[in-house]
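Asker: Just to be clear, the model below is a prediction. Sequence and coordinates:
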Amino acid sequence: MRIDEYLIRDVFCIAWPATVEIIYLEAIKTSYHWFLLNEGEEIIGCIKRETLYDQLKTTDFTKLHSIAIKDLLTDVSVVTDEESSQINYDANKVIVVTDSKGKIKGVIDWAFEKKIHEIVNEDEWFLKEMQTVFDEFYQSIFVTDEKGNVIRVSSHDDQPYLGKNVFELERERAFYPSISAKAIKSGKRESGLQYTNTGEIFQIESIPIKNDLGEIVRVVSITKHSSEIKHLKKIQQETKTLLDSYQREVARIKQEKYDNKPLIYKSKAMEDVFELVKSVASVDTSVLILGETGVGKQMIANQVHLLSHRNDKPFVTINCGAIPENLLESELFGYEEGAFSGARRGGKLGLFQIADKGTIFLDEIGELPISLQVKLLRVLQERVILKIGGTKEHKIDVRIIAATNKDLSQMIKNGSFREDLYYRINVVPIRIPPLRERKGDIHALSYYFLDKFNKKYEKNVVLSPRQLEQILRYSWPGNVRELENAIERFTVLEQPLFFEDQTTDSLYFYELEKEERKLPTLTKFVETAEKELILKAMSRFSTTREMANGLGVNQSTIVRKLQKYGLRDNLQQKDIYIHNKIGN
């Protein structure tokens, strides 16, 4: 054994007798850790600094005299350096080593050596663990000091940067810009793309590590190679391509709903409407379509979009009266991740963002709550939206077309619609006259619907002159929608549409009269009449709220009756749909 490897020369000799106070004062004045007590030439024991300090943790300085020095002594064993090969391991003793003349050279403290060995072993294991992380981490890591010197590089990285300075490497264009250098300058976490002189690209995340004084001592940078970025981008592009193909197919199917519906009209009133549509389509001004339920407001909005320069971009439709108020805001404006309980991971785009570069059609805008009217006004004025739970504004480029069957000017007087919003959306109003004011269109539409449903149901039903006269005489409060439903029912059932009340000269749908002739029970008669009344309300109104108002009952009553008669699926509310018109 080489004695010099373990010999500690940090010793101080104190003559016996001595007190704990004397040793303590020497410990304060000097940096020695081992105090040997000698009586003449004999060494009688050793007091370690750590033993002394441990005692002082529980004893007041003024009472040190009460401590017996023998209680702090560690036994010693004296050997000469020539006898070093005979030294035995004993953690309970301090070995005092002298030369051949008896002069003290130092001590060997096996307890101290054991503690040092444990610390070193612990550090070695920690270093091995850290090296494993460096070697196995799927991304490259390199570490710089506070001056930008690269002091550690993972084995996944090439090694040329080790020992070099990132500021110099940046100046030499070995890589640029240096994200590590940026983090050292700013003192904050930085990220970005870093290019090398070999044409490679890395995504770098640099994190400063600071001491208790807030000073940077290290910067750890994690890199992702361009091949990984390219792979992720490829997956993203493939997903986007697939999504685009699905959207185009959905758009094609949805567009057929309108493209395959020719514009059927003969009246001068509708001719004027379509001339106005052609004029307004070429500019991006806001349009307000007015008209009773069922006159075809959505079809007119779609025509404005198809004739505009936005016709290859999204056409997004939402019925403001068909969606609960608490969900309407998130549908229109979207939300950020974590905005509320149950929010989708990653957040959600609102319809305004989906309609960007295209057109959004706000049907039944009179049903829009006042709180959302304020937000819509801001969209019209500033062309920005703010998601629920978000702080960042998003710019949008979208044309807004609104529609209503309500008297908005009266709603302004009642305080249920904002006057400033009204003037914003009512730049160009388009009024669609009700069907009763354009009898010529009733004739043309009747034959169009009859031909359509004959083909659909493989029938050959015809309208007699008498039946056509009745159709023209009827007021059609549900407009085109009611007419279409009536012709479909006539085609399927092949029975008269109406019967006449000779006393009032009024027309009623035939099904009710037919049930009357059978003398049904009172309950059955009431149910039949109730069901027919609800069917009429369905053809006239778009939402259960409107149906309830029209029939003078609660909305819950309407919902319950729809469930009772199995009419929920027949309710002709226009749900949200996204329409992408592909091509011109």
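Answerer: Yep, it's here. Fair warning: this is a prediction, and the values are worked out from it, not measured in the lab.
Asker: List the buried residues for stretch 361-381?
Answerer: 361-368, 372-373, 375-377, 379 (16 or more other Cβ atoms under 10 Å). For the C-beta atoms, the positions are set from N, CA and C on the backbone; glycine is no exception.
Asker: and which of these is nearest Ala322?
Answerer: Closest to Ala322 out of these is Glu364 (7.5 Å), distances taken as Cβ to Cβ.
Asker: Correct me if wrong: the closest one contacts Asn405.
Answerer: Yes: counting by Cβ atoms under 8 Å, Glu364 touches Asn405, with 7.3 Å between them.
Asker: Which residues are in contact with each of these two?
Answerer: Counting by Cβ atoms under 8 Å, 6 or more residues apart in numbering, the common neighbours of Glu364 and Asn405 are Ser542.
Asker: any idea which element the closest residue to Ser191 other than its chain neighbours lies in?
Answerer: The shortest distance from Ser191 to any non-neighbouring residue, by Cβ to Cβ, 6 or more residues apart in numbering, is to Glu205 (4.7 Å). Using DSSP states H and E, Glu205 falls within strand 201-210.
Asker: What lies in contact with that strand?
Answerer: Contacts for strand 201-210 (Cβ under 8 Å, 6+ apart): 140, 175, 179-180, 182-184, 187-196, 216-226, 229.
Asker: go again using 7 Å as the cut-off
Answerer: Under the contact criterion Cβ atoms under 7 Å, 6 or more residues apart in numbering, strand 201-210 has outside partners 179-180, 182-183, 187-195, 216-226, 229.
Asker: Same check on stretch 177-194?
Answerer: Residues contacting stretch 177-194 (Cβ under 7 Å, 6+ apart): 144, 146, 148, 166-167, 169-170, 175, 201-208, 216, 219, 221.
Asker: returning to that earlier point: by how many degrees do the helix or strand just after the strand holding Glu205 and strand 201-210 diverge?
Answerer: Past strand 201-210, heading to the C-terminal end, the next element that is a helix or strand (DSSP H and E) is strand 216-225. Using axes from the mean of the first three to the mean of the last three Cα atoms, to 10 degrees, the direction of strand 216-225 lies 160 degrees away from that of strand 201-210.
Asker: Show me which positions of the strand holding Glu205 end up buried.
Answerer: If you call a residue buried by 16+ other Cβ under 10 Å, then strand 201-210 has these buried ones: Phe202, Gln203, Ile204, Glu205, Ser206, Pro208.
Asker: of all these, which comes closest to Val492?
Answerer: Minimum distance to Val492 across the buried residues of strand 201-210 is 62.9 Å, recorded for Gln203 (Cβ to Cβ).
Asker: Show me what the closest one is bridged to.
Answerer: Taking DSSP bridges as the rule, Gln203 bridges to Leu193, Lys224.
Asker: count of residues packed around Leu196?
Answerer: Just to correct that, residue 196 is Thr rather than Leu. Thr196 is flanked by 15 other residues according to other Cβ atoms under 10 Å.
Asker: before we move on, what about Gly296?
Answerer: By other Cβ under 10 Å, 22 other residues sit near Gly296.
Asker: Retrieve the pLDDT associated with the closest residue to it other than its chain neighbours.
Answerer: In space, and not counting its chain neighbours, Gly296 is closest to Val480: 5.4 Å by Cβ to Cβ, 6+ apart. Looking at Val480, its pLDDT reads 92.
Asker: Surely Val480 is in contact with Val295?
Answerer: Yes: contact criterion Cβ atoms under 7 Å: Val480 and Val295 qualify, at 6.1 Å.
Asker: Identify the contacts common to those two.
Answerer: Here Val480 and Val295 have Leu435 as joint contacts, going by Cβ under 7 Å, 6+ apart.
Asker: Compare these two (neighbour count), which wins?
Answerer: Taking other Cβ under 10 Å, Val480 and Val295 do not tie; Val295 has more neighbours (27 against 23).
Asker: Please spell out the segments of the stretch 201-350 of the chain that come in under the pLDDT threshold.
Answerer: Within the stretch 201-350 of the chain, the ranges that satisfy pLDDT under 70 run 224-262, 340-346.
Asker: can you do 90?
Answerer: 201-205, 209-217, 220-267, 311-314, 321-331, 334-350 (pLDDT under 90).
Asker: circling back to that earlier point, I'd like the buried residues of stretch 361-381 laid out as CSV, including distance to His309, pLDDT and secondary structure.
Answerer: Output for the buried residues of stretch 361-381, formatted as CSV (distance: Cβ to Cβ, whole Å; pLDDT from 0 to 100; DSSP: H, G, I helix; E, B strand; the rest coil):
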residue, distance to His309, pLDDT, secondary structure
Phe361, 17, 94, strand
Leu362, 20, 95, strand
Asp363, 23, 94, strand
Glu364, 27, 93, coil
Ile365, 24, 95, helix
Gly366, 29, 93, helix
Glu367, 30, 92, helix
Leu368, 27, 92, coil
Leu372, 29, 91, helix
Gln373, 28, 93, helix
Lys375, 27, 91, helix
Leu376, 23, 92, helix
Leu377, 25, 92, helix
Val379, 21, 91, helix
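Asker: count of neighbours near Val277?
Answerer: 20.
Asker: Pretty sure Gly334 sits against Gly350.
Answerer: Yes: between Gly334 and Gly350 there is a contact under Cβ under 7 Å: 3.2 Å.
Asker: Next, the buried residues of stretch 50-62.
Answerer: Going by neighbour count (16+ other Cβ under 10 Å), the buried part of stretch 50-62 is Leu52, Gln55.
Asker: First-to-last residue distance for it?
Answerer: 19 Å (Cα to Cα, to the nearest Å).
Asker: Centre of the chain to it, how far?
Answerer: When distances are taken as Cα atoms, centre = their mean, to the nearest Å, stretch 50-62 is centred 60 Å away from the chain's centroid.
Asker: Can you tell me the closest non-neighbouring residue to Gly389?
Answerer: Per Cβ to Cβ, 6+ apart, closest to Gly389 is Ala339, 2.7 Å.
Asker: Could you give the number of residues near the one you found?
Answerer: 17.
Asker: Repeat that for Gly566.
Answerer: Neighbours of Gly566 under the rule other Cβ under 10 Å: 9.
Asker: swap in Gly321?
Answerer: Gly321, neighbours per other Cβ under 10 Å, totals 23.
Asker: Test my guess that it contacts Met547.
Answerer: No: using Cβ under 7 Å, Gly321 is not in contact with Met547, being 10.8 Å away.
Asker: How many neighbouring residues does Arg431 have?
Answerer: Arg431: 13 surrounding residues under other Cβ under 10 Å.
Asker: Likewise for Glu546?
Answerer: 21.
Asker: immediately after the helix or strand where it lies, which helix or strand?
Answerer: Under the criterion of DSSP H and E, Glu546 resides in helix 544-551. Downstream of helix 544-551, the first helix or strand assigned by DSSP H and E is helix 555-564.
Asker: how big is the angle separating that next one from helix 544-551?
Answerer: Relative orientation of helix 555-564 and helix 544-551, computed by the same axes, to 10 degrees: 100 degrees.
Asker: elements contacting helix 555-564?
Answerer: The elements that helix 555-564 packs onto, with contact taken as 3 or more Cβ pairs under 7 Å, 6 or more residues apart in numbering; DSSP states H and E, are helix 522-540, helix 544-551.
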